[in-house]
Structure formats: C-alpha cells, structure tokens
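1. Here is my input, please return the structure:
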Amino acid sequence: MSKTFLAVILIIIVVAVGLGVYSWWTATQKPKEVTLVVLSPEWEPGRIAEELSQQFTEYAEQVLGYKVYVRYDFTPWSTYYQRVTSIMTSKSSEADLIFSDSQWLGELYEGNHIISIKDLVENDPELRSALLDDTFSNLVYYYTAYPQGSDNYVGVPGYPDAVRLVFYRKDLFTHPQEREAFKERYGYELPQTLEDWKNLDWVQLRDIAEFFTRKQGETLAGETLSEDFYGLALVLARDYDYISCYFLDVFWSWGAELWDPETHDPRGYINSTQAKEALEFFVSLVDYMPPGAPSFGYDEAISLYSQGKVAMTVLWPSMAPAIFDPSASKVADKTGVGILPHHNGVRYITLGGQPLVISAYSNHKEEAKLYLKWFYTNMEFQREFALRTGETARKSIAESQEFLDAKPWTKAFLESLPYAKDFWNIPYYGRMLEVQQIYLNKAVAKEIDPSTALDKIAEEQWKIVKEAEGK
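-> Purely as a prediction, here's the structure:
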C-alpha cells in the first residue's frame with residue numbers, strides 16, 4: 001500500500017472526524033429552536049389560547065430537548081375562509097396548525113391539505129382517553145374525524161364555541177306589568193328561568209318578540225319610549241354561513257333534513273313540506289326586528305342588543321363578553337341567558353366552533369402533533385381556557401361547579417350541547433352553502449317567497465351534487 005494512498009485515507013478520516021466534532025459543537029452551542037404558527041380567526045378565544053400556549057415551550061423542551069414556541073396568526077372572520085383556502089391551495093408552509101370550521105374537514109382532507117392523526121390518537125392513551133372518554137359524543141362526531149363517525153381522526157376540538165344561546169332583557173321579562181299584560185294577551189307566562197326556556201316553543205318565542213315590539217311614544221316597563229323598540233335581532237346576512245346557521249335551528253326543529261343521506265339528493269328534503277313551513281315561520285320573525293334585518297351581521301346584533309334597542313338576540317358564547325361588559329353594554333346587568341327553543345318537543349341547535357388540525361405543508365409536523373396533543377390533554381390549559389371563555393368540549397370540565405359558576409352563560413351552554421347538529425362535511429361544502437345563503441337571504445328580505453326559495457335551493461344544490469359526485 002503506497003504512502004500516498006495512506007495519506008489520502010488519513011486525510012479523509014481527519015476531515016470526517018472534524019466534521020463530526022464541528023456538527024456536535026454547533027449543535028451544543030446553538031440548540032434547535034422551532035416556532036409553530038397556528039392560523040386562527042381574530043377573536044377573544046384565540047387571544048386567550050395564544051396566551052396560554054406560551055406554557056407549551058417548557059413542556060416541549062422537556063419532551064424534545066429543545067424549545068418550541070407558539071405564535072398565533074390571526075385573520076378577521078370575514079376573510080378567514082379565504083385565507084385558509086389560499087394557504088392550502090398554494091401549499092404554503094406558513095401555517096403549521098389551523099383552526100378549521102368543522103364543515104371544512106372534508107374539503108381539506110380530500111384535498112390532501114391536512115393530515116390524519118389516527119396513529120397519534122391510537123398510540124397515545126392520554127389523548128385517546130381525553131378524546132373518546134371525556135369529550136361530548138356529538139362533538140367527537142362533528143369535530144374530529146373524516147368521514148364523520150369513522151376512526152380516521154383529523155383533528156381535536158379547538159374552539160368549542162358549539163351552540164348559540166338566547167340573550168334576553170331580564171328586567172323586561174320580570175317586570176310585573178309586562179308579565180301581567182303578556183299573560184293576559186297570550187295565556188301563558190313569560191320565561192324567567194333556564195328551565196322555563198327549556199320548555200319554550202319557537203312559536204312562543206315569536207309571541208314574545210311580537211309582544212315586545214313597540215312604537216315610539218308607547219310604554220315599555222313603565223317608561224315612555226323615545227324611539228321604536230323591537231322584540232328580536234337575528235343574524236340574517238348572506239356573509240359566509242350567517243343566515244344558514246340561524247335558519248337551521250328552526251329547520252331541523254321542524255323535522256326537516258338537508259338531503260337524502262345515501263344519495264345526497266336534496267330534492268324533497270330541503271324543500272319538503274316541513275322545510276317550507278319552517279322557512280315561512282322564520283321569515284315571519286323579521287316583522288319583529290329592526291329595519292334592515294336581512295343585512296344584519298354579528299356586529300349589528302350585538303350592538304342593537306347592547307344599546308338596549310331589542311328585547312332578545314341569539315349569539316355564540318364567544319360574543320357574550322361584549323354583552324356583559326358594562327363599559328360597552330347598557331344592559332350588562334339586565335341580561336339573562338336561555339337555551340334556544342324547541343318545536344313540538346324537537347330541538348336542534350346548529351353547531352359552531354372549530355377543530356384544530358395539522359397542515360400537510362407544515363415543516364414541523366412532529367412538533368405540531370406534540371402541540372395538538374398538549375393542547376387537548378393539558379388540563380391546566382383546558383381548564384383555564386374554559387373558565388375564561390365559558391366554553392369547553394371536555395365533559396369533566398363542563399359538568400364541574402367551577403365551570404357552571406364561571407360565566408352567566410355556562411349553565412345554558414351545557415344544557416344546549418346535546419342538541420348541537422352540523423350540516424355538510426363534504427369537499428364541495430362551499431358551493432352548497434353559497435346557494436343556500438343567497439336564497440335564504442332573499443326569502444327573509446321578502447324578495448322571493450319561502451316555497452320558491454327552497455325549491456331553487458334544492459334544484460341548484462342537486463346540480464352541484466351531480467357534478468361533484470359524477471351522478
């Protein structure tokens with residue numbers, strides 16, 4: 001063996017050892033750090049979740065040996081869906097985790113934009129127990145898997161803003177003269193307690209809205225009105241899913257369904273006799289709302305109620321803090337909370353809230369999985385989040401006295417959860433929704449009669465189904 005060859009071998013060994021030593025040195029001198037970016041709608045629960053998530057860094061360092069920071073990237077609700085779909089279609093790695101509306105799971109998973117966490121759930125006893133043993137069953141069904149009801153888990157409950165509640169003027173509902181006048185006119189008592197609201201029919205809610213609708217100069221609770229007063233404010237705008245969420249409470253409670261569960265044919269379902277009766281009733285509620293009701297978004301409903309211009313409104317728990325804030329609401333100390341009505345004993349409440357999912361384009365999937373597991377299993381985080389927001393998907397927290405006493409709406413939230421029901425979870429969800437929004441809004445604006453509106457929806461949605469499913 002020549003001296004030259006030995007020299008070359010020696011040089012190679014020295015270089016290799018040197019590189020190894022350098023790599024070790026740089027690793028010890030500059031520990032690995034990761035920042036997870038969580039895409040979230042802009043609202044108070046998101047700010048609270050981001051604040052509490054700073055605790056994750058210490059946990060991640062204990063598990064992984066390096067720091068993992070968490071930063072929330074907020075987008076206003078009005079453009080949030082567009083932001084999510086833009087990031088997904090461009091396959092951008094700018095977000096590692098996403099708070100997704102439950103109805104988007106089909107579109108995101110079928111498009112390979114989010115990953116399955118089935119193995120994580122199956123192999124992590126702590127996460128599996130939290131999800132399957134300590135989460136409300138309907139929230140497991142709607143928030144966690146695609147297809148719905150399968151064991152292909154794709155997310156965990158993120159923001160469990162699951163059900164809307166009735167917020168009402170307690171001072172008016174308990175006023176002796178108003179109570180006496182109402183009973184004389186309608187033959188039954190105004191509701192005062194949560195139990196009373198549980199027994200209330202939608203038709204009776206319309207009676208209440210009619211009763212409290214007064215003209216300027218008339219008397220309300222012993223005082224002369226300086227402006228018109230109205231019974232109700234609902235969110236009826238065409239934006240995103242606004243009017244659909246509100247109408248479906250009534251629609252399902254009337255016994256109607258969106259489509260045939262096997263064929264996905266909406267004809268004879270979304271425009272059934274029950275559906276048309278439900279929409280006729282829903283449109284009649286507009287008579288007891290302030291002018292411009294078909295354009296009302298959440299800001300308008302919150303403002304009208306908080307400024308003392310309506311007797312009732314219906315909102316998500318995440319919006320309730322504005323109503324109970326004395327600096328922003330004239331009726332903060334005059335507000336009661338009820339569950340949405342039933343109709344002939346049938347009650348459904350359109351599901352809200354968002355599961356937390358992992359982007360397929362994340363460069364930090366293992367860290368994202370650890371955060372997702374920590375987010376849902378860390379009881380200190382879950383408890384603090386629940387007490388500060390007044391919402392939770394964890395049964396052990398929701399049923400605790402601490403939670404029930406935390407906010408004015410938590411008892412009604414817990415009572416409402418069993419009735420939460422979601423609409424489509426399909427890849428072509430957005431197209432189906434757009435058609436529905438257009439014609440429902442036309443109906444409440446009285447530009448088209450309820451029967452024709454639902455016939456149009458059925459016709460156009462069937463075209464979408466046939467095109468999407470190749471029928």
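2. rest of the way, CA atoms for contacts and neighbours
-> Noted.
3. what residues are up against residue 151?
-> 118, 145 (C-alpha atoms under 8 Å, 6 or more residues apart in numbering).
4. Let me know the pLDDT of the residue most central in space within the chain.
-> Nearest to the mean C-alpha position of the chain, by C-alpha atoms, centre = their mean, lies residue 353 at 1.9 Å. Reading off the confidence values, residue 353 has pLDDT 96.
5. Let's verify the residue nearest to it when sequence neighbours are not counted: helix, strand, or coil?
-> In space, and not counting its chain neighbours, residue 353 is closest to residue 161: 4.2 Å by C-alpha to C-alpha, 6 or more residues apart in numbering. Under DSSP: H, G, I helix; E, B strand; the rest coil, the three-state class of residue 161 is coil.
6. Which of the three states applies to residue 414?
-> Under three-state DSSP, the three-state class of residue 414 is helix.
7. pLDDT value on the residue lying closest to it once chain neighbours are set aside, please?
-> Spatially, and ignoring its direct neighbours in sequence, residue 414 is nearest to residue 398 (6.5 Å; C-alpha to C-alpha, 6+ apart). Note on residue 398: pLDDT of 98.
8. quick one: residue 398 from residue 235, how far?
-> Residue 398 sits 27 Å away from residue 235, going by C-alpha to C-alpha, to the nearest Å.
9. same question, residue 406
-> Going from residue 406 to residue 235 by C-alpha to C-alpha gives 27 Å.
10. ok, and what's touching the strand or helix carrying residue 374?
-> With elements taken from DSSP states H and E, the one containing residue 374 is helix 365-377. If you take C-alpha under 8 Å, 6+ apart as the criterion, helix 365-377 is touched by 36, 53, 56, 60, 68, 96-97, 117, 120, 126-127, 130, 156-158, 356-359, 381-382.
11. from these, which ones fall inside helices?
-> Secondary structure assignment by DSSP state H places 56, 60, 120, 126, 127, 130, 381, 382 of the contacts of helix 365-377 in helices.
12. List buried residues within these.
-> Buried subset of these (neighbour count, 16 or more other C-alpha atoms under 10 Å): 56, 60, 120, 127, 130, 381, 382.
13. wait, what's in contact with residue 348?
-> 249, 250, 252, 253, 342, 419, 420, 421.
14. For it, give me phi and psi.
-> phi -130, psi 150 (degrees, to the nearest 10).
15. which non-adjacent residue is nearest it?
-> Per C-alpha to C-alpha, 6+ apart, closest to residue 348 is residue 419, 4.9 Å.
16. Check the burial of that neighbour by counting its neighbours.
-> Residues contacting residue 419 under the criterion other C-alpha atoms under 10 Å number 17.
17. OK, contacts around it?
-> 347, 348, 349.
18. Which pLDDT value belongs to it?
-> 98.
19. Now do the phi/psi pair for it.
-> phi -100, psi 0.
20. Tell me how far it lies from residue 261.
-> 19 Å.
21. for residue 170, same thing?
-> From residue 170 to residue 261 the distance is 42 Å (C-alpha to C-alpha).
22. the more surrounded of these two?
-> residue 170 (19 against 9).
23. OK, contacts around the more buried one?
-> Counted by C-alpha under 8 Å, 6+ apart, residue 170 has contacts 192, 334, 335, 336.
24. Comparing residue 406 and residue 235, which residue is more hemmed in?
-> More crowded of residue 406 and residue 235, by other C-alpha under 10 Å: residue 235, with 26 against 16.
25. so how far is residue 279 from residue 266?
-> 16 Å.
26. cool, residue 215 as well?
-> 27 Å.
27. between those two, who's got more neighbours?
-> When residue 215 and residue 279 are compared for neighbours, residue 279 comes out ahead with 25 against 15, by other C-alpha under 10 Å.
28. Where does that one sit, in terms of helix or strand?
-> With DSSP H and E as the criterion, the answer for residue 279 is helix 273-284.
29. Can you point out the buried residues in that helix?
-> The neighbour-count check on helix 273-284 (16+ other C-alpha under 10 Å) flags 274, 275, 276, 277, 278, 279, 280, 281, 282, 283 as buried.
30. Show the contacting residues for the fourth one.
-> So the one you mean is residue 277. residue 254.
31. pLDDT score for it?
-> So, for residue 277, pLDDT stands at 98.
32. Kindly tell me how buried residue 327 is, as a neighbour count.
-> Neighbours of residue 327 (other C-alpha under 10 Å): 9.
33. Against residue 202, how distant is it?
-> Relative to residue 202, and taking C-alpha to C-alpha, residue 327 is found at 32 Å.
34. Please apply the same query to residue 402.
-> 31 Å.
35. quick one: low-confidence parts of the protein?
-> Counting by pLDDT under 70, the chain contains low-confidence residues at 1-31.
36. burial of the nearest residue to residue 48 once chain neighbours are set aside, as a residue count?
-> Take residue 48 and drop its neighbours on the chain: the residue closest to it by C-alpha to C-alpha, 6+ apart is residue 385, 6.9 Å away. Counted by other C-alpha under 10 Å, the residues lying close to residue 385 total 20.
37. what do you get for residue 62?
-> Residues near residue 62, counting by other C-alpha under 10 Å: 11.
38. before we move on, what about the one 5 residues further on?
-> In terms of burial, residue 67 registers 19 neighbours under the definition other C-alpha under 10 Å.
39. pretty sure it is touching residue 33, no?
-> Yes - using C-alpha atoms under 8 Å, residue 67 is in contact with residue 33, at 5.1 Å.
40. who touches both of these two?
-> In contact with both residue 67 and residue 33: no residue, using C-alpha under 8 Å, 6+ apart.
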